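Chemist: based on what follows, work out the 3D shape:
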Amino acid sequence: MVEPIYGRRPVYEVLRAGRRRVYRLALAENIQEQQEIIRQIMTLARSASVPITRTSRRELDQVAPNHQGVIAETTPYPYVDLHDALSFASAQDAPPLFLLLDLLQDPQNVGSLFRTAEAVGVHAVIIPERRAVGVTPAVVSASAGAVEHLRVARVTNLARTMDELKRQDVWIAGLEASDEAQLYDQADLRGPLALVVGSEGRGVRRLVRESCDFLLRLPMRGEIASLNAAVAGSVALYEIDRQRRADQTVV
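Modeler: Numbers count the residues shown, from 1 in each chain. So this is what the prediction gives:
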């Protein structure tokens, strides 16, 4: 199976990460090679012995309308299994940090969360196999290629996976706008932690919520009742990062 990864930054990150096999790099006929990002893409492709072809923009448009003159034909995204994700997290100097996405279906939200997760050093993202968007080309594009540097595991049952994380001494925090949830900046988020972000509109499912050790909420002072999943999750992830960096400074 061949996946078309499109856009300059996503293609650059696919080549830089080197986790996928790239069969071909297609560049628009009139693309300006002197642009730095294009030079970098071509250098990486040549270093990996990837064939480079010139293609009309009309042909590229038929594959992806937002290609920016660059498309890479690759193998599918290389998911990891849960065991690999746990092993990687436990081998790091920092306390394990996981992001769990509960049935998110919007590629833009998922891609944005992947981008934030990579930026703050999340050790692995865990998503359900069914009824949730995976790492599609649209998600890679929305993450600006950041997901290529992340470990993403797909699981059959998110609640059971949370139980496994608990057995590994990981605390589970669910992000939810409810009265029982504590304000996100008043919770201690420095230890081994998994943050659960619910789906657009529905939020965290009941069984998943009941498997959380505690709930977090963001303060809402305006007229709207909630933020979208990507914004709320990103705010919470940066609070986790802030607390951990502050803790390191104290030590």
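Chemist: which one is L44 nearest to, not counting chain neighbours?
Modeler: L15 (3.9 Å; Cβ to Cβ, 6 or more residues apart in numbering). For the C-beta atoms, the positions are set from N, CA and C on the backbone; glycine is no exception.
Chemist: figure out the helix or strand that the nearest residue to D81 once chain neighbours are set aside lives in.
Modeler: Closest residue to D81 apart from its sequence neighbours, by Cβ to Cβ, 6+ apart: A153 at 6.1 Å. Following DSSP states H and E, one finds A153 within strand 152-155.
Chemist: so for that strand, mean pLDDT?
Modeler: The pLDDT scores in strand 152-155 average 96.
Chemist: what is it packed up against?
Modeler: helix 82-90, strand 124-128 (3 or more Cβ pairs under 8 Å, 6 or more residues apart in numbering; DSSP states H and E).
Chemist: most tightly packed of the ones you listed?
Modeler: Most buried of those, by mean neighbour count (mean count of other Cβ atoms under 10 Å): strand 124-128, with a mean of 22.
Chemist: any chance you could list what contacts that one?
Modeler: 80, 82, 85-86, 88-89, 98-104, 110, 113-114, 117, 134, 150-158, 161, 194 (Cβ atoms under 8 Å, 6 or more residues apart in numbering).
Chemist: which ChimeraX command selects the buried ones in the residues you listed?
Modeler: Applying 16 or more other Cβ atoms under 10 Å to the contacts of strand 124-128, the buried members can be selected in ChimeraX as follows:
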select :80,85,86,89,98,99,100,101,102,103,104,110,113,114,117,150,151,152,153,154,155,158,161,194
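Chemist: V11 and L25 touch, don't they?
Modeler: Yes. Judged on Cβ atoms under 8 Å, V11 makes contact with L25 at a distance of 7.3 Å.
Chemist: so which of these two has more stuff around it?
Modeler: When V11 is set against L25 and neighbours are counted by other Cβ atoms under 10 Å, the residue ahead is V11, at 31 against 25.
Chemist: would you mark the buried spots in the helix or strand hosting the more buried one?
Modeler: Taking DSSP H and E as the criterion, V11 maps to helix 8-17. Using 16+ other Cβ under 10 Å as the burial criterion, the residues of helix 8-17 that qualify are R8, R9, P10, V11, Y12, E13, V14, L15.
Chemist: ends of stretch 175-188, what's the gap?
Modeler: End-to-end distance of stretch 175-188: 14 Å, with Cα to Cα, to the nearest Å as the criterion.
Chemist: actually, stretch 49-56.
Modeler: Across stretch 49-56, the terminal residues are separated by 22 Å (Cα to Cα).
Chemist: ok, residues contacting it?
Modeler: Stretch 49-56 is touched from outside by 15, 22-29, 42, 45-46, 71-72, with contacts defined as Cβ under 8 Å, 6+ apart.
Chemist: list just the nearest of the residues you listed to R245.
Modeler: Nearest to R245 among the contacts of stretch 49-56, counting by Cβ to Cβ, is L15 at 30.7 Å.
Chemist: correct me, but the closest one touches I37?
Modeler: No. Contact criterion Cβ under 8 Å: L15 and I37 do not qualify, at 11.3 Å.
Chemist: got a pLDDT number for the residue nearest to L44?
Modeler: At L15, the pLDDT value in this model is 98.
Chemist: contact partners for it?
Modeler: Here L15 is in contact with V22, I41, L44, A45, A48, V50, A72 (criterion: Cβ under 8 Å, 6+ apart).
Chemist: returning to that earlier point: what comes up buried for the helix or strand just after the strand holding A153?
Modeler: Remark: after strand 152-155, the chain's next helix or strand is helix 158-167, criterion DSSP H and E. The neighbour-count check on helix 158-167 (16+ other Cβ under 10 Å) flags L158, A159, T161, M162, L165 as buried.
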